[in-house]
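Student: Mind looking at a prediction? Sequence and model below.
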Amino acid sequence: MSGGAQPADPVSAAVARAFRDERAIVLATLIRQAGDFQLAEDAVQDAFEAAVTAWRSDGVPANPGAWITTAARRRAIDRLRRDRSVADRAQRLAELARLDAQHETEPSMDDESTIVDDRLRLIFTCCHPALSQPARVALTLRALGGMTTGEIARAFLVAEPTMGKRIVRAKRKIADARIPYRVPADEELPDRLRGVLRVVYLIFNEGYSATEGDRLVRGELCDEAIRLGELLSGLMPDDAEVWGLSALMLLHDARRAARTDSNGRYVALDEQDRSLWDWGRIREGLARLERAVHLRRPGEYQLQAAITALQIRAPDADATDWAQIAELYGALARLNPSPVVELNRAVAVGLAAGPAAGLVLLEPLLGDSALERYQPLHAAHAELLRRTGDARGAARAYERAIALTANAVERAELERRLGALR
Amino acid sequence: MSQYMFLVYQEEVDPTEQADREAELPMFVEFFGSLREAGLLVGVQRLRSVESATSVRVREGETEITDGPFAVTKEVLAGYYVLDCDDLDEALGHAARFPGARYGTVEVRPVMPPDEWVKVAREAGADVPDEAVEDLA
């Protein structure tokens, strides 16, 4: 239902609102109670379908979340009664019936900490390391983001049946291999949380710089990732990197409208119309970064957010503190050595200390097999060569970059820069 | 007396063909039975589909967990462990402690419980007596 138009009539609007606000909570709890991901998901789907009819004839209930919870539990009981293939069916039915009777006499919702725990259980299960990365992304978007299989398939430019199979297979693995539905123990938590943050950032990046296709930004994925980041910071407020990632995504996304011009062409950071930036998002991002820094546990997302914050705060590219940005990239490289970070450091040094200094850092990366087919390396190489006055070298590097990009908007920009050399 | 291990390889087939195979469980039960009667059978277990596999390696002190079976053809099957665990996390934790995981790969595959094996066969139309469940266990 994400990305769709606002429904006109009040009942549809109430159902859509409940879907957005309550679905993940209801699903998270029902998976624990029913002990089965697929069953719970089907039952919650049934409950929302039933809500449309029931609320139209009986009116929207005072507590839509409680109504959906009860309806979903009863649908789960019905489905379990019909499905004889479930191994411990009797036991699960008894547990669900007990919960149903309990809520009948005492209809209060579960307490806050149980709800928090259930949502964390759901996040950690969807991002379990025994699932493939694409499956983690798809499951997270479906279970927590409430995106349909079709929407996820379109966002990732995959055929819908392929995406459907990927999701079904992941849920079957959770059941067959008994991937536990729980928040990891303290000793595994840092590692597992890093995995969760990686999934959220992957979703954001897929939206922010679409690897294929002709739209530079697939906004719905960015919005969904930002929502997940906010959810995580609410659930795990003591983790600095959770705030750091949330800040990073907000600060990037704030510039979304300025990244392409009215013809859909890419606009480089220093040429962007800053009045198009979303300053509300920027303030929120900076506040979140500050909150992260106060926890005094530096990490890669906080460093990246700090770099982005420096770029945003400078009035223009010339006034940007590239020396400090280069230093932050250096810190990032020590924390998490990667050729991509080295490349960014080379670019920052090139802007702080001149193109020759940048080339000294960049040239060794050209021999790195991991970066051979990495378009931004060749684009950055071209830019540094152009600034040293080596137009022929720059042209060769632009041609290499153009050959490597699958994004039409990026290609057009690289071709424009190549043309400007002549 | 020497011990021998039978490693069973087969292609995973579509549901219809798989149902035909499931329906043949009585032939398998007869085979176990003959081995058991002869005092030769140490154990038999059926693994769940390879889709439920997870591979564990430890390199430079870091545990690497990946979805799916091991795929490096240079590595050969060298041995096996069967563990009773509460869930996959417990199994993966022990796999990562296995000293051979530092240079090899541990493929962690869930075992299908015997009662489920029989249930699947019965659904496919096989006539399996209750005693067969004990035979499988």
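Tutor: Nice, thanks for sending it over.
Student: Buried residues in the helix or strand of chain A with the lowest mean pLDDT, which are they?
Tutor: Ranking every helix and strand in chain A by mean pLDDT, DSSP states H and E puts helix A:89-105 at the bottom, with a mean of 80. Within helix A:89-105, the residues scored as buried using 16 or more other C-beta atoms under 10 Å in any protein chain shown are A:92-93, A:96, A:99, A:103. Every C-beta, even on glycine, is put in place using the N, C-alpha and C of the backbone.
Student: mind listing the helices for chain B?
Tutor: B:15-22, B:25-37, B:88-97, B:114-123, B:131-136 (DSSP state H).
Student: Looking at these, which is nearest to chain A?
Tutor: Evaluated with C-beta to the nearest C-beta, the helices of chain B place helix B:88-97 nearest to chain A, the distance being 4.7 Å.
Student: That closest one close to chain A?
Tutor: Yes: for helix B:88-97, a contact with chain A is found by C-beta under 8 Å from any C-beta of the partner chain, at B:88-89, B:92.
Student: Report all helices and strands that the very next helix or strand once past the least confident helix or strand of chain A contacts.
Tutor: Along the chain past helix A:89-105, the next helix or strand (assigned with DSSP states H and E) turns out to be helix A:112-126. Contact here means 3 or more C-beta pairs under 8 Å, 6 or more residues apart in numbering or on different chains; DSSP states H and E; on that basis helix A:112-126 packs against helix A:10-34, helix A:133-143, helix A:189-208, helix A:219-235.
Student: Quick check: residues of chain B near chain A?
Tutor: Residues of chain B lying close to chain A (C-beta under 8 Å from any C-beta) are B:48-49, B:51-54, B:65-68, B:86-89, B:92, B:108, B:110, B:113, B:115-116, B:119, B:123.
Student: For A:A62, grab phi and psi.
Tutor: Main-chain torsions, A:A62, degrees, to the nearest 10: phi -60, psi -40.
Student: How about the most centrally placed residue in chain B, nearest residue that isn't a chain neighbour?
Tutor: In chain B, the residue lying closest to the centroid (C-alpha atoms, centre = their mean) is B:L47, at 2.7 Å. Setting aside the residues directly before and after it, B:L47 is nearest to B:R109 in space (C-beta to C-beta, 6 or more residues apart in numbering or on different chains), at 4.6 Å.
Student: I'd guessed that neighbour sits against B:R46; true?
Tutor: No: using C-beta atoms under 8 Å as the test, B:R109 is too far from B:R46 to be in contact (10.2 Å).
Student: of these two, who's got more company?
Tutor: Between B:R109 and B:R46, counted using other C-beta atoms under 10 Å in any protein chain shown, B:R109 has the larger neighbour count: 19 against 14.
Student: tell me the contacts of that one?
Tutor: Residues in contact with B:R109 (C-beta atoms under 8 Å, 6 or more residues apart in numbering or on different chains) are B:47-48, B:50, B:52-53, B:69.
Student: so what's the backbone phi/psi at it?
Tutor: Note on B:R109: its backbone torsions stand at phi -120, psi 130 [degrees, to the nearest 10].
Student: What score does it have for pLDDT?
Tutor: pLDDT, B:R109: 96.
Student: For B:F6, see how far away it is.
Tutor: Per C-beta to C-beta, to the nearest Å, B:R109 is found 16 Å from B:F6.
Student: Any regions of chain A where pLDDT drops low?
Tutor: The model of chain A has pLDDT under 70 over residues A:1-8, A:84-87, A:104-111, A:209-217.
Student: Just give me the neighbour total for A:Q133.
Tutor: A count of nearby residues for A:Q133, using other C-beta under 10 Å, gives 15.
Student: any idea how far A:D238 is from the closest residue to A:I115 other than its chain neighbours?
Tutor: Once flanking residues are discounted, A:I115 sits nearest to A:I25: 5.7 Å by C-beta to C-beta, 6+ apart. Using C-beta to C-beta, A:I25 is found at 21 Å from A:D238.
Student: So between the two, which is more surrounded?
Tutor: Per other C-beta under 10 Å, whichever of A:I25 and A:D238 has more neighbours is A:I25, with 19 against 8.
Student: The more buried one contacts A:G65, doesn't it?
Tutor: Yes: using C-beta under 8 Å, A:I25 is in contact with A:G65, at 6.9 Å.
Student: re the thing from before, packed most tightly, which of the helices and strands packed on helix A:112-126 would that be?
Tutor: Of the helices and strands packed on helix A:112-126, the one with the most neighbours on average (mean count of other C-beta atoms under 10 Å in any protein chain shown) is helix A:133-143, at a mean of 23.
Student: Alongside chain B, which residues does the stretch 51-200 of chain A contribute?
Tutor: The stretch 51-200 of chain A comes close to chain B at residues A:85, A:87, A:129-132, A:135, A:169, A:172-173, A:176-180, A:184, A:188, as judged by C-beta under 8 Å from any C-beta.
Student: any idea how far the residue of chain B most remote from its centre is from A:V340?
Tutor: What lies farthest from the middle of chain B is B:E60; by C-alpha atoms, centre = their mean that is 29.2 Å. Between B:E60 and A:V340 the computed distance is 21 Å (C-beta to C-beta).
Student: same check, this time on A:L27
Tutor: 36 Å.
Student: cool, and B:S49?
Tutor: 37 Å.
Student: do A:L131 as well
Tutor: Look at A:L131 and A:V340: by C-beta to C-beta, they are 25 Å apart.
Student: try A:I174
Tutor: As judged by C-beta to C-beta, A:I174 and A:V340 stand 32 Å apart.
Student: Name the residue in those two with the higher neighbour count.
Tutor: A:I174 (25 against 16).
Student: Quick check, the more buried one in contact with A:G35.
Tutor: No: checked against C-beta under 8 Å, the pair A:I174 and A:G35 is beyond contact range at 10.9 Å.
Student: Restricting to C-alpha, output stretch A:354-372 in CSV.
Tutor: Only the C-alpha atoms of stretch A:354-372 are listed here, as CSV (Å, rounded to 0.1, in the frame of the first residue of the first chain):
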residue,chain,number,x,y,z
GLY,A,354,45.2,19.9,-5.5
PRO,A,355,44.6,17.2,-8.2
ALA,A,356,48.2,15.9,-8.2
ALA,A,357,47.9,15.0,-4.5
GLY,A,358,44.6,13.3,-5.2
LEU,A,359,46.1,11.3,-8.1
VAL,A,360,48.9,10.0,-5.9
LEU,A,361,46.2,8.3,-3.7
LEU,A,362,43.9,7.3,-6.6
GLU,A,363,46.4,5.8,-9.0
PRO,A,364,47.2,2.7,-6.8
LEU,A,365,43.5,1.9,-6.8
LEU,A,366,43.4,1.5,-10.6
GLY,A,367,45.3,-1.8,-10.2
ASP,A,368,42.8,-3.1,-7.6
SER,A,369,40.7,-5.9,-9.2
ALA,A,370,37.8,-5.2,-6.9
LEU,A,371,37.4,-1.7,-8.4
GLU,A,372,38.2,-2.5,-12.0
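Student: buried set for that stretch?
Tutor: With burial defined by 16+ other C-beta under 10 Å, the residues of stretch A:354-372 counted as buried are A:355, A:357-359, A:361-362, A:365, A:371.
Student: So which of those residues are in helices?
Tutor: Of the positions in those, A:355, A:357-359, A:361-362 sit in helices, assigned by DSSP H.
Student: Counting neighbours, what do you get for A:P161?
Tutor: For A:P161, the count of nearby residues is 10 (other C-beta under 10 Å).
Student: A:T148 too?
Tutor: A:T148 is flanked by 18 other residues according to other C-beta under 10 Å.
Student: do A:A317 as well
Tutor: 14.
Student: Let me see the contact set for it.
Tutor: Residues counted as contacts of A:A317 (C-beta under 8 Å, 6+ apart) are A:269-270, A:351.
Student: Which one (most neighbours) among those residues?
Tutor: A:L351 (22 neighbours).
Student: Shouldn't that one be within a helix?
Tutor: Yes: under DSSP: H, G, I helix; E, B strand; the rest coil, A:L351 sits within a helix.
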